[in-house]
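# Give me a 3D structure for the following:
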Amino acid sequence: MRLLPLLLAAALAAGQAQAAPAYLIDTHVHIDPPVGVYNGVPAAIASMDRFGIRQIVLMSPPQPRLRENSYDFDALRFAREKYPGRIFPAAGGTTLNAMIHQTPPAAVTDAVMQKFRAEASRLAAQGAAAFGEIAVHHLSMAGMGPNHPYEATAADHPLLLLLADIAAESGVPIDLHIDLVPQDMTLPPRPIYNPANPAQLTENLSGFERLLDHNPNAKIVWAHAGTDPLGTRTPAVQRALLTRHKNLSMSLRPARGGPPPMLALDESRQLKPEWRALIAEFPDRFVLGSDYFHGAGGRGVDEAEFENFWRLVCALPDPVAEAVAHGNAERLYRLPAAAPAGAAFDGCALAARPAQERSGRPGPPPAATRPGPGMGRH
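Purely as a prediction, here's the structure:
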């Protein structure tokens, strides 16, 4: 993978056109809890087939406590068995995340640590593709409904540090949600937020770096690069963190485009030069992660995000496009190579089609429920 920056530079200098990657892997996928996993999983497979996505890492959204319709790894294992080689469940978005958020850092005892380690080790031993989705700081978003939770804990919480150790021991990566607060700040006055969010947000960047430094062998994938509800996750901030922390990777969520620098796509949904340069500098550190809620039918963005996946990777030359499309995910999540899908899928042609030529796909949700630019969805 060290050759990728040199190969990318050469391809850019030559201006060479690239063929579409063979397929995509989506490393950050949910089933909408009210829909239920047995209804949502077939919807996920159908969507995957429409957009050339051969494999997904399926996980619970981060839950601060056990809630109605909550699910986690044990409820998703059937999907791995029913669709072998296509669906790989992650673990801990409900169980481990709830233990973290229900236990203040000062209340972590040896008994709590032993219980947490036992559960995380069990999940790893049973083949969890990742620990996640785990939340450090998770804003409550209006587009996800009035009960969408606000979650916040110390990024260097003792149980998060323990999870990093278990991740290093097992080779299972951590899928981490942290809405970044580089310094204490006031919540921006935007209608995208629910009242559950506090008016004042506490700095969490230093704790995040302590978590990254705690065990350099722990692979941590910071979810939702390319959209950001606070506007703090700029290419410059991410470049600095990627430079300082070799165990940090990021999953790209190109849900929307627009002028703000935290958005990876521009208004025409094309990859911005500054984001292309960031990926070029760290070509082995980015994967795709849609944050899509299968079966939602009105929460979050529509399936056009998967076309944005193709827009993003088709703006990169080989071998970087292949790495971001699927190669990095196969390495980070230890996934097997995807089985051939039959006829080749030309994702770059799909992404280039005008919107009026698309048909047979769900349209966007009503404007009243649709997230604004950069908004997170869970």
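
# doesn't P259 make contact with L265?
No: taking contacts as Cβ atoms under 8 Å, L265 lies outside contact range of P259: 10.6 Å. (C-beta placed from N, C-alpha, C; glycine too.)

# Between the two, point out the one with more neighbours.
L265 (22 against 9; other Cβ atoms under 10 Å).

# Okay, that one and K272: tell me how far apart.
Distance of L265 to K272, given as Cβ to Cβ, to the nearest Å: 7 Å.

# what does P84 give?
38 Å.

# Could you give me the buried positions within stretch 321-332?
Using 16 or more other Cβ atoms under 10 Å as the test for burial, stretch 321-332 gives A321, E322, A323, V324, A325, H326, G327, N328, A329, E330, L332.

# Distance of the nearest residue to the fifth one once chain neighbours are set aside relative to A321?
If you skip the residues right next to it in sequence, A325 has P21 as its closest partner in space, 3.6 Å away by Cβ to Cβ, 6 or more residues apart in numbering. According to Cβ to Cβ, P21 stands 5 Å off from A321.

# Now for these two: what residues contact both?
Common neighbours of P21 and A321, using Cβ atoms under 8 Å, 6 or more residues apart in numbering, are V313.

# for the stretch 151-300 of the chain, what spans make up the helices?
Along the stretch 151-300 of the chain, counting by DSSP state H, counting those that start in this stretch, helices occupy 158-170, 205-214, 235-244, 273-281.

# could these be laid out in CSV, adding mean pLDDT, distance to R253 and mean neighbour count?
Below are the helices of the stretch 151-300 of the chain laid out as CSV (pLDDT from 0 to 100; distance: least, Cβ to Cβ, whole Å; neighbours: other Cβ atoms under 10 Å):
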stretch, mean pLDDT, distance to R253, mean neighbour count
helix 158-170, 98, 22, 20
helix 205-214, 98, 18, 18
helix 235-244, 98, 13, 16
helix 273-281, 97, 12, 18
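
# Next, format these as TSV and append distance to P189.
What follows is those, written out as TSV (distance: least, Cβ to Cβ, whole Å):
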stretch	distance to P189
helix 158-170	31
helix 205-214	22
helix 235-244	22
helix 273-281	27
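
# Any idea which of those helices gets closest to P182?
Among the helices of the stretch 151-300 of the chain, helix 205-214 comes nearest to P182, with 4.8 Å by Cβ to Cβ.

# Do a quick rundown of the helices in the stretch 1-150 of the chain.
4-14, 37-50, 73-82, 95-102, 110-125.

# Could you check how many residues crowd around the closest residue to K246 other than its chain neighbours?
Of all residues not flanking K246 in the chain, P216 sits nearest, at 6.8 Å (Cβ to Cβ, 6+ apart). When counting by other Cβ under 10 Å, one arrives at 12 neighbours for P216.

# Can you say which of the helices of the stretch 151-300 of the chain is nearest to R117?
Set against R117 and scored by Cβ to Cβ, the helices of the stretch 151-300 of the chain come closest in helix 158-170, at 6.3 Å.

# Packing partners of that closest one?
helix 95-102, helix 110-125, strand 131-138, strand 174-178, helix 205-214 (3 or more Cβ pairs under 8 Å, 6 or more residues apart in numbering; DSSP states H and E).

# Pull the residues that contact that helix.
Helix 158-170 has contacts (Cβ under 8 Å, 6+ apart) with 92, 96, 99-100, 103, 105, 108, 112-113, 116-117, 120-121, 124-125, 131, 134, 136, 153-154, 172-174, 211, 214-215, 217-220.

# Find the residue closest to F208 in space, skipping its chain neighbours.
Among residues not flanking F208 along the chain, A155 sits closest, at 4.4 Å (Cβ to Cβ, 6+ apart).

# What is the neighbour count of that neighbour?
21.

# In the stretch 1-150 of the chain, where is pLDDT below threshold?
1-18 (pLDDT under 70).

# Just the ones of the buried residues of stretch 321-332 in helices?
Residues of the buried residues of stretch 321-332 located in helices (DSSP state H): A321, E322, N328, A329, E330, L332.

# wait, which of the residues you listed is closest to S249?
Among those, L332 lies closest to S249 (Cβ to Cβ), at 6.1 Å.

# And that closest one, how far from Q102?
For L332, the distance to Q102 - Cβ to Cβ - is 29 Å.

# so where's the stretch 201-350 of the chain uncertain?
Where the stretch 201-350 of the chain drops to pLDDT under 70, the residues are 297-301.

# Sketch out the strands for it, chain order is fine.
Along the stretch 201-350 of the chain, the stretches classed as strands by DSSP state E, counting those that start in this stretch are 220-225, 248-252, 286-288, 292-294.
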